[in-house]
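1. Here is the input, now give the coordinates:
(one chain, ligands or ions: 1)
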Amino acid sequence: MEIFIDTAEISQIKKYWNMGVIDGVTTNPTLIAKSGRDFKQVVAEIADIVKGPISVEAISTQASDLIAEAKELVKFGEYIVVKIPMTAEGLKAVKELNKLGIKTNVTLVFSASQALLAAKAGATYVSIFVGRLDDRGHEGMEVVYEIGEIFKNYRLPSKLIVASIRHPRHVIEAATAGADVATIPPDTLDKMLAHPLTDEGLRVFASDWEKVKKT
Ligand code: G3P
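-> Model (predicted):
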């Protein structure tokens with residue numbers, strides 16, 4: 001499974017890119033706003049660091065405007081993937097962008113039926129928001145399994161991204177379900193990295209090493 005980092009925080013992107021554990025980045029308007037920085041500056045800096053898919057969201061509502069936005073966004077570099085909303089106009093744009101060779105990530109997908117339509121339109125990636133489904137009492141991961149089956153049954157080339165991840169368990173479930181990608185926020189990556197038994201083990205090794213007689 002590929003791992004993307006779900007953030008616009010440059011320091012976090014650098015940290016995990018330099019560790020070799022992430023393959024790409026996803027952003028959205030909320031994450032860009034959270035960074036408190038200029039949108040273009042942030043995207044340019046991400047493109048300087050990451051040599052893998054970088055999802056940046058188009059915010060227009062009409063297909064023609066989404067296409068125009070996408071054409072501007074891809075000027076940030078060869079790795080840009082344009083996030084397009086899961087709407088009728090969005091899918092119209094996806095169809096055209098596919099013809100133009102511009103990669104898309106259909107976002108705000110909450111059901112297998114939406115994912116099927118996004119894949120039919122020619123989406124490069126389809127992002128299912130599991131955390132937001134769980135927040136409302138649904139079982140987000142069930143939808144991931146359904147989409148996985150559908151894409152496999154018909155050899156649909158769209159890649160499934162498990163997004164809106166809340167904790168490491170979501171990541172393990174995404175990997176078990178065979179998702180193509182999990183896009184993970186930095187705080188969840190931090191939790192995946194650390195374990196109290198690793199810290200305790202290190203403390204014991206360090207203190208025992210002090211007792212070793214050195215020649
Ligand atoms: O990037 C899209 C998605 O991962 C957002 O997650 O936490 O806002 O539901 P969240």
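
2. is it true that A112 touches V143?
-> Yes. Here A112 reaches V143: they are 5.6 Å apart, a contact under CB atoms under 8 Å. (Each C-beta comes from the backbone N, C-alpha and C, glycine too.)

3. Touching, E139 and E146? I think so.
-> No. Contact criterion CB under 8 Å: E139 and E146 do not qualify, at 10.6 Å.

4. between these two, which one's more packed in?
-> With neighbours defined as other CB atoms under 10 Å, E139 and E146 compare such that E146 has more, 17 against 11.

5. what sits against the more buried one?
-> Contact analysis of E146 by CB atoms under 8 Å, 6 or more residues apart in numbering lists A112.

6. Local confidence estimate at it?
-> Looking at E146, its pLDDT is 98.

7. Which helix or which strand is home to it?
-> Element membership of E146, judged by DSSP states H and E, is helix 140-153.

8. How far does that helix sit from its chain's centre?
-> 17 Å (CA atoms, centre = their mean, to the nearest Å).

9. does the ligand sit close to the helix or strand that that helix is followed by?
-> Next along the chain after helix 140-153, taking DSSP H and E as the criterion, comes strand 159-163. Yes. Strand 159-163 lies within reach of the ligand by CB under 6 Å from any ligand atom, at A163.

10. okay, the angle between strand 159-163 and helix 140-153?
-> 170 degrees (axes from the mean of the first three to the mean of the last three CA atoms, to 10 degrees).

11. ok, strand 159-163: who's next to it in the sheet?
-> Partners of strand 159-163 in the sheet, by DSSP bridges, are strand 125-129 (parallel), strand 181-184 (parallel).

12. Now do the buried residues in the helix or strand following that strand.
-> Tracing the chain past strand 159-163, the next element assigned as helix or strand by DSSP H and E is helix 168-176. Using 16 or more other CB atoms under 10 Å as the burial criterion, the residues of helix 168-176 that qualify are H170, V171, E173, A174.
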